[in-house]
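Trainee: The sequence isn't on hand, but the structure is:
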């Protein structure tokens, strides 16, 4: 079985994408982040870079819609606006870099980004920094560059929010809103550049079902008092995905 517009994605690859989407949705639902960290290493194994990014953005944007009302109530829209501004500034730079590197470099970049984020989180680094407008724009800009180059947008924002003094509910809600804006921005940027992969969009539409169902299930599981359990589970899933995505296994 081959997917229309994605002729190289046969049955095993499609099954892998469905499983990756479901796991990514579950993590996104209960943790508020992590869908790209889980999905992109696997997507890089079977899809071209621009197809992988388009599939993630389409799937993640629509699949996160059920959680947006809660994110708006509990998040911080002002912080998100500054993060989004910075993101828009450097996203085109990251996408331009992506056009110049081989697929193997793209896959390595994904896994290295995920493993670096995980290492910093596990190291227990904490801060008491309350970033102002300029700092938030800077964090968003780094996020935009990484998104364009690897498809993983949330790492700098995740590190700033999760290692700071904010509570789990606030972090989760802010990330939900920010990442929804990121997905919309990525699709718009790809369209403007003429790099919006139709096969990736078809795949993203197909993966909406397992991703959305898993996101809703994960959100229903979320309890602020179980923050440490959620983080540990998310960390284990991200670690496995990042290691599996390295281009050293012959995939």
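Mentor: Okay, I see it. If you're wondering where the values come from, they're calculated on a predicted model, not measured in any experiment.

Trainee: Would you mind pulling up the elements that the helix or strand of the chain with the lowest mean pLDDT packs against?
Mentor: One helix or strand of the chain scores below all others by mean pLDDT, DSSP states H and E: helix 68-74, with a mean of 76. Packed against helix 68-74 by the contact rule (3 or more C-beta pairs under 8 Å, 6 or more residues apart in numbering; DSSP states H and E) you find helix 168-193. The way it works is simple: take the backbone N, C-alpha and C, and place the C-beta from them, glycine included.

Trainee: returning to what we had before: name the next helix or strand downstream of the least confident helix or strand of the chain, please.
Mentor: As assigned by DSSP states H and E, the chain's next helix or strand after helix 68-74 is helix 77-98.

Trainee: tell me what whichever helix or strand comes after that following helix is packed against?
Mentor: Counting by DSSP H and E, the next helix or strand C-terminal to helix 77-98 is helix 103-122. Under the contact criterion of 3+ C-beta pairs under 8 Å, 6+ apart, helix 103-122 touches helix 35-46, helix 133-150, helix 155-162, helix 227-245.

Trainee: Kindly calculate the angle that helix 103-122 makes with helix 77-98.
Mentor: With axes from the mean of the first three to the mean of the last three C-alpha atoms, to 10 degrees as the basis, helix 103-122 and helix 77-98 are set at 150 degrees to each other.

Trainee: Residue 123 - how many residues pack around it?
Mentor: Neighbour count for residue 123, taken as other C-beta atoms under 10 Å: 9.

Trainee: Check residue 48 too.
Mentor: Residues near residue 48, counting by other C-beta under 10 Å, number 17.

Trainee: for it, phi and psi?
Mentor: Per-residue torsions, residue 48: phi -70, psi 160 (degrees, to the nearest 10).

Trainee: check contacts around it.
Mentor: By C-beta atoms under 8 Å, 6 or more residues apart in numbering, residue 48 lies in contact with 103, 197.

Trainee: So what's the predicted local confidence for it?
Mentor: At residue 48, the model reports a pLDDT of 88.
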